[in-house]
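J.: Could you work out the structure for the sequence below:
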Amino acid sequence: MPVLNERRYLERAVQTVLEQDVDGPTELVLALGPSTDGTTEFARELAGREPRITLVDNPAADIPIGLNAAIRASTLPTIVRVDAHSELAPDYTRLALQTLERTRAANVGGVMHASGRTPFQRAVARAYNSPIGLGGGAYHGGTREGEAESAYLGVLRRSVLDEVGLFDESIRRGEDWELNLRIRAAGYRVWFDPTLSVTYWPRESWVRLARQFRATGAWRGELVRRYGRRNSLRFFAPPALVVDVALSIVLALLQLTGVISGWPALVASVVYLPVAAYALLIVAVAAGRGGGTGWRDKLWTLAVLPTMHLAWGTGFIVGLIRGAHETVDTSRLGDRNTPLP
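T.: Numbering: from 1, shown residues only. Model (predicted):
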């Protein structure tokens, strides 16, 4: 479990891991980043009370580096990746182990079920759980079991991890997808099982959501630079939206200033159609059922969906053109003064 500024979520996340119904020994390795909200001190307190918890340092706070350090510090033949912002269902690990055995897969993942406590967080969760929000990946609500491109978190065979070389530490976001690409290239299967459920708590503010999605989009652009069309076509929808919005703004300015008029302006106005269709779709999703039902939930949904899509798409374009380089997800930073619930 990589951990950075997770004081509000860590205790419950750790509790759901330690309470897993598993027939055999278990251990939990926390990779501790340089938190500023008391997370490290609390993690040490938890480790002092529970002998199954091991702590390793992750001073750079990079997720793949922390994951690799935790894996190397672990001792058992199956690796269950967990997130400090998540809660495992009680039977998650037991069912995943059964699926690993039944399917002979190398990695098994289930459904990320996003949830929220505030109107904003519920709106983000609604977007996560909707195919409109994150592109319809299987782990965002799929119901059909079978082979998958990647897996959310994942329950992995340690022998396969050792064979393919653990996580790529040069990739700060999208490391799961890249690892699963290598796993499949080595001839193994990645499996999606919808009976596996993980509760995920999204970012709590608009600014942090935008930071998260811009960084994630930049690293997807980097992955497209590295691996080309092995990336799914759905990843190209948000940058296409960003380009169309930019063209629409430029065209509107040219029309308002009279630089372009008449038939050329009318023909060029076709660029407005995708933006108009997108706006109608967002309104329909916000007004529809699902997630929170209060008016504040619905208003936040109107803001959350475009934020996710445009921030991700903008990051993607930058990452595709220039590479992600040292792009860091700063959405977990600066929690020192955030009150506990």
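J.: can you give me the strands for the stretch 1-150 of the chain?
T.: Listed in chain order, the strands of the stretch 1-150 of the chain (DSSP state E, counting those that start in this stretch) span 2-3, 28-32, 53-57, 78-80, 86-88, 107-114, 146-147.
J.: Reformat those as JSON lines; add distance to residue 39.
T.: From N, CA and C alone the C-beta is placed, and that goes for glycine too. Conversion of the strands of the stretch 1-150 of the chain to JSON lines gives the following (distance: least, CB to CB, whole Å):
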{"stretch": "strand 2-3", "distance to residue 39": "6"}
{"stretch": "strand 28-32", "distance to residue 39": "7"}
{"stretch": "strand 53-57", "distance to residue 39": "11"}
{"stretch": "strand 78-80", "distance to residue 39": "21"}
{"stretch": "strand 86-88", "distance to residue 39": "15"}
{"stretch": "strand 107-114", "distance to residue 39": "22"}
{"stretch": "strand 146-147", "distance to residue 39": "37"}
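J.: Quick check: phi and psi at the residue lying closest to residue 307 once chain neighbours are set aside.
T.: Among residues not flanking residue 307 along the chain, residue 210 sits closest, at 5.5 Å (CB to CB, 6 or more residues apart in numbering). Backbone torsions of residue 210, given as degrees, to the nearest 10, read phi -60, psi -40.
J.: Can you check the pLDDT for residue 341?
T.: For residue 341, the model assigns a pLDDT of 34.
J.: now do residue 309
T.: Residue 309 is assigned a pLDDT of 96 by the prediction.
J.: That one: what's it in contact with?
T.: Shown in contact with residue 309 (CB atoms under 8 Å, 6 or more residues apart in numbering): 237-238, 241.
J.: Export those residues as JSON lines, with columns for neighbour count and distance to residue 109.
T.: As requested, those are exported to JSON lines (neighbours: other CB atoms under 10 Å; distance: CB to CB, whole Å):
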{"residue": "237", "neighbour count": "14", "distance to residue 109": "23"}
{"residue": "238", "neighbour count": "24", "distance to residue 109": "23"}
{"residue": "241", "neighbour count": "19", "distance to residue 109": "27"}
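J.: CSV for these, including secondary structure, distance to residue 231 and pLDDT?
T.: Listed next are those as CSV, based on DSSP: H, G, I helix; E, B strand; the rest coil; distance: CB to CB, whole Å; pLDDT from 0 to 100:
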residue, secondary structure, distance to residue 231, pLDDT
237, helix, 12, 93
238, helix, 13, 95
241, helix, 17, 96
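J.: sorry, back to before: count of residues packed around the residue nearest to residue 307?
T.: The number of residues packed around residue 210, counting by other CB atoms under 10 Å, is 20.
J.: try residue 295
T.: Using other CB under 10 Å, residue 295 is surrounded by 9 other residues.
J.: quick one: least confident helix or strand in the protein?
T.: Within the chain, judged by mean pLDDT, DSSP states H and E, the helix or strand with the poorest mean is helix 131-134; its value is a mean of 80.
J.: And the contacts of it?
T.: By CB under 8 Å, 6+ apart, the residues outside helix 131-134 that reach it are 126-128, 140-141, 281-282, 285, 305, 308.
J.: Repeat that for stretch 312-321.
T.: The contact list for stretch 312-321 (CB under 8 Å, 6+ apart) reads 213-222, 224-225, 235, 237-243, 327.
J.: For ChimeraX, write the selection for the buried entries among those.
T.: When burial is assessed using 16 or more other CB atoms under 10 Å, the buried subset of the contacts of stretch 312-321 is captured in ChimeraX by this command:
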select :213,214,215,216,217,218,219,220,221,222,224,235,238,239,241,242,327
